[in-house]
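Visitor: Sequence isn't available, so here's the structure alone:
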Ligand SMILES: CC(C)(COP(=O)(O)OP(=O)(O)OC[C@H]1O[C@@H](n2cnc3c(N)ncnc32)[C@H](O)[C@@H]1OP(=O)(O)O)[C@@H](O)C(=O)NCCC(=O)NCCS
């Protein structure tokens, strides 16, 4: 399925057709969001209930994925846009497309520090009692440079990310 919208000529696709996972790893790295092995990114997206990829012509410029029980609860992960395509409402467009398709009364996500207002504009609220048992696979085995970049952007604090929910 292909969806067109306001963000220039960028099309949203909700399947993994045509995705080069090394390119996807580069989008995650450059956004920046995370440094991960392409095969792990492929596994996480292929194991997700809903995926979204943003294509500018044949170039992958953004993506996100979600897990869902299809009835009550969904959780969105890995929203990221290439820097040159940020600030053009593509992130909002992907979020709206995902929440519409998920169609569960509750949608949860973990905001990286500094992005809470972006999600608040979309109706998400902080979850003050969120609890997590976290062993971050990205932390182990990261190249020193990658680890430094992640720390620079505020990852790996005692409370690494903020949980945010939207209840429909
Ligand atoms: C966060 C991200 C997905 C937002 O996507 P985007 O396409 O740049 O955002 P949009 O253009 O849709 O922004 C929508 C609105 O939110 C605002 N906004 C965006 N980021 C914001 C922030 N960090 N704080 C406050 N407002 C923000 C925009 O100004 C815009 O406001 P407007 O409607 O008045 O113009 C994108 O910047 C990104 O990929 N960042 C790096 C990776 C990342 O941090 N991902 C989030 C993981 S939790």
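Guide: Here it is on my side, so go on. Just so you know, these numbers come straight off a predicted model, no measurement behind them.

Visitor: Quick check: residue 23 touching residue 61?
Guide: No: contact criterion CB atoms under 8 Å: residue 23 and residue 61 do not qualify, at 10.0 Å. Backbone N, C-alpha and C define where each C-beta goes, glycine included.

Visitor: okay, those two: which has more neighbours?
Guide: residue 61 (22 against 13; other CB atoms under 10 Å).

Visitor: all strands of this protein, in order?
Guide: Here the chain has its strands, by DSSP state E, at 2-4, 10-13, 50-56, 59-68, 73-81, 106-111, 125-126, 162-167.

Visitor: Tell me which of the ones you listed lies nearest to the ligand.
Guide: strand 73-81 (3.8 Å; CB to the nearest ligand atom).

Visitor: How much space separates the closest residue in space to residue 9 that isn't next to it in sequence from residue 30?
Guide: Sequence neighbours aside, residue 56 is the residue nearest to residue 9 in space, at 6.6 Å (criterion: CB to CB, 6 or more residues apart in numbering). Separation of residue 56 from residue 30 (CB to CB, to the nearest Å) stands at 14 Å.

Visitor: For the two, work out which one has more neighbours and name it.
Guide: residue 56 (17 against 13).

Visitor: how near is that one to residue 106?
Guide: 32 Å.

Visitor: Which secondary structure element of this protein has the lowest mean pLDDT?
Guide: The least trusted helix or strand in the chain, going by mean pLDDT, DSSP states H and E, turns out to be helix 144-152, with a mean of 47.

Visitor: Disregarding flanking residues, what is the spatial nearest neighbour of residue 132?
Guide: residue 163 (7.4 Å).

Visitor: Kind regards, and thank you for your time.
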